[in-house]
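1. only geometry, no sequence info:
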DNA sequence: GCCAACGTTGGC
DNA sequence: GCCAACGTTGGC
């Protein structure tokens, strides 16, 4: 049984359309600098898991489509590149501190699932992303929530 | 643009 | 180890 996750991205920085335009429709997911999210990347997120691709800080905010994890957690080598925007002087090959995964586009929703649509659904309204002050950029999603989002996207 | 929520930093 | 100050996130 695969796991399910929600990944946040600001579309001005990297949108699902940028993912679609990427080579092989794949991308690395580097730059996560929060320990709770790091732990999920390093320990829990597995190849084959489903990813809800969420567009934050835009209008309207929505789940824009689905991706799939194609490579589980491995060291975020950008943390070890001086001058890189994700450089962290404490990261070393022995202790990389930060981790990343690779994801691949599965599909872009014809109709994005907005926060309003999520909030109006009995199951989807319980999602972490709707909770006030929920700043985690990577969040676990239950199988029921995943199913609810699929239904909303095809309704 | 505002501001509440939250994580991190650093002085003590 | 506490906690105030600070910077960032992200919804509105």
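-> Yes, it's here. The shown structure was predicted, so the numbers you read here are calculated from the model rather than taken from an experiment. Residues are numbered from 1 along each chain as shown, chains lettered A, B, ... in the order given.

2. please count neighbours and contacts with C-alpha atoms only from this point.
-> Noted.

3. list the contacts of residue A:78.
-> By CA atoms under 8 Å, 6 or more residues apart in numbering, the residues touching residue A:78 are A:30-31, A:84, A:86-87.

4. reformat the residues you listed as CSV; add distance to DNA strand B, secondary structure and pLDDT.
-> Converted to CSV, these look like this (distance: CA to the nearest atom of the strand, whole Å; DSSP: H, G, I helix; E, B strand; the rest coil; pLDDT from 0 to 100):
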residue, distance to DNA strand B, secondary structure, pLDDT
A:30, 16, coil, 94
A:31, 13, coil, 93
A:84, 17, coil, 83
A:86, 13, coil, 88
A:87, 12, coil, 87
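
5. of those, select the buried ones using a PyMOL command.
-> In PyMOL, this line selects whichever of the contacts of residue A:78 come out buried by 16 or more other CA atoms under 10 Å:
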select buried, chain A and resi 30+31+86+87
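
6. residue A:63 contacts residue A:52, correct?
-> Yes - judged on CA atoms under 8 Å, residue A:63 makes contact with residue A:52 at a distance of 6.4 Å.

7. which SSE is the residue of chain A most remote from its centre in?
-> For chain A, the largest distance from the centre (CA atoms, centre = their mean) belongs to residue A:94, which lies 26.5 Å off. Using DSSP states H and E, residue A:94 is not contained in any helix or strand.

8. excluding chain neighbours, what is closest to residue A:106?
-> residue A:67 (4.7 Å; CA to CA, 6 or more residues apart in numbering).

9. and that neighbour, how many neighbours does it have?
-> For residue A:67, the neighbour count with other CA atoms under 10 Å is 26.

10. ok, now residue A:38?
-> Count around residue A:38 with other CA under 10 Å applied: 20.

11. now do the buried residues in the lowest-mean-pLDDT helix or strand in chain A.
-> Lowest mean confidence among the helices and strands of chain A (mean pLDDT, DSSP states H and E): helix A:35-39, at a mean of 93. Within helix A:35-39, the residues that count as buried by 16+ other CA under 10 Å are A:37-38.

12. that's all I had, so thanks and see you.
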